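Asker: Here is my input; please provide its structure:
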Amino acid sequence: MAEIKVYNTAVARQEESFGFHKLAVAEMSKCTDEKFVPAYQAYETAYEAFDEALKQSGGEHVLSKPIEAQDDICDKLYRGLNSQVATMETFYDPDIAEVAREARVILKKYGNPTGLPYLEEAGVLHNLIQELEAFDGVSDSGSPDELSLLSTDVKRIASNRLAALHIDGWVSQLKAETARFLELFAERNTQKSSVVTGATKAARKATDEAYRSAAKRLNALAEVNGDADYIHVINALNVLIDRQNAIIKARATRNANKRKEEEEEG
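Answerer: Numbering: from 1, shown residues only. Alright, predicted model coming up:
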């Protein structure tokens, strides 16, 4: 007698769980046995609630607009900093112009971060600011290789370089606004994670339980009545289960291999 295979719904990731239930609901809808319909309807209702919970958790967060506005502030500050360095490269004092050229080397190293994804941009700005702060008063040995290619005719300005270029305020403000951006981003992530582990967790659990009840009812009907009327649904569900179990097994193997490699490297 054919029967639906055992599938541990709890070990799947969130998106895997939802994908499985979406397909399982569609397959079970093909069984029209009146004794199965109540179990199926309960499963379908639970799945729809799960779907709605995921949509709610994935919608626009109240902090999304402030994060967007804060990102715009950081972008404008970076552009202003870049523009000020470009202006100082043509400064009448050759010593200051040379310092501006050195600052340009650092800026070019990181490229223009304003078009990058949020966290990637914040990471680039963080590193850029750190290097500019170090550049403000470090020895030549602490500067990029390209900065060592200096004319012997130029008098070195060894400290307060950012102030000499009038970019110290730009750098400090960009540092403060980037930190504020990361605060907002982290706060949104914390709030969104609480939604995911709250409403969606409960909805997923209810869907898992409804699936198990529906699968148990279908197996019971197949055992009592014979599996001829249920075989196509059962086989389709088993194909889904085999695929899910293969994904989970492959991930477990990868994780085990990764841990082994880390232990060997350690």
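
Asker: Nearest residue to Glu121 in space, please, no chain neighbours.
Answerer: Pro113 (4.5 Å; CB to CB, 6 or more residues apart in numbering). All C-beta spots, glycine's among them, are computed from the backbone N, C-alpha and C.

Asker: and what of Ser159?
Answerer: Gly137 (3.8 Å).

Asker: Repeat that for Leu81.
Answerer: The nearest residue in space to Leu81 (CB to CB, 6+ apart) is Trp170, at 4.1 Å.

Asker: is it true that that neighbour touches Asn82?
Answerer: No - contact criterion CB atoms under 8 Å: Trp170 and Asn82 do not qualify, at 9.1 Å.

Asker: Which of these two has more residues huddled nearby?
Answerer: Using other CB atoms under 10 Å, the more surrounded residue of Trp170 and Asn82 is Trp170, with 20 against 17.

Asker: Could you pull up the residues touching that one?
Answerer: Listed by CB atoms under 8 Å, 6 or more residues apart in numbering, the contact set of Trp170 reads 77, 80-81, 84.

Asker: still on that earlier bit, okay, and the residue nearest to Leu81 sits in which element?
Answerer: According to DSSP states H and E, Trp170 maps onto helix 168-195.

Asker: do Thr253 as well
Answerer: Short version, using DSSP H and E: Thr253 is in helix 231-265.

Asker: sorry, back to before: with Gln70 as the reference, measure out to the residue nearest to Glu121.
Answerer: Pro113 sits 14 Å away from Gln70, going by CB to CB, to the nearest Å.

Asker: Please apply the same query to Ala176.
Answerer: For Ala176 relative to Gln70 (CB to CB), the value is 11 Å.

Asker: quick one, which of those two is more surrounded?
Answerer: Gln70 (20 against 12).
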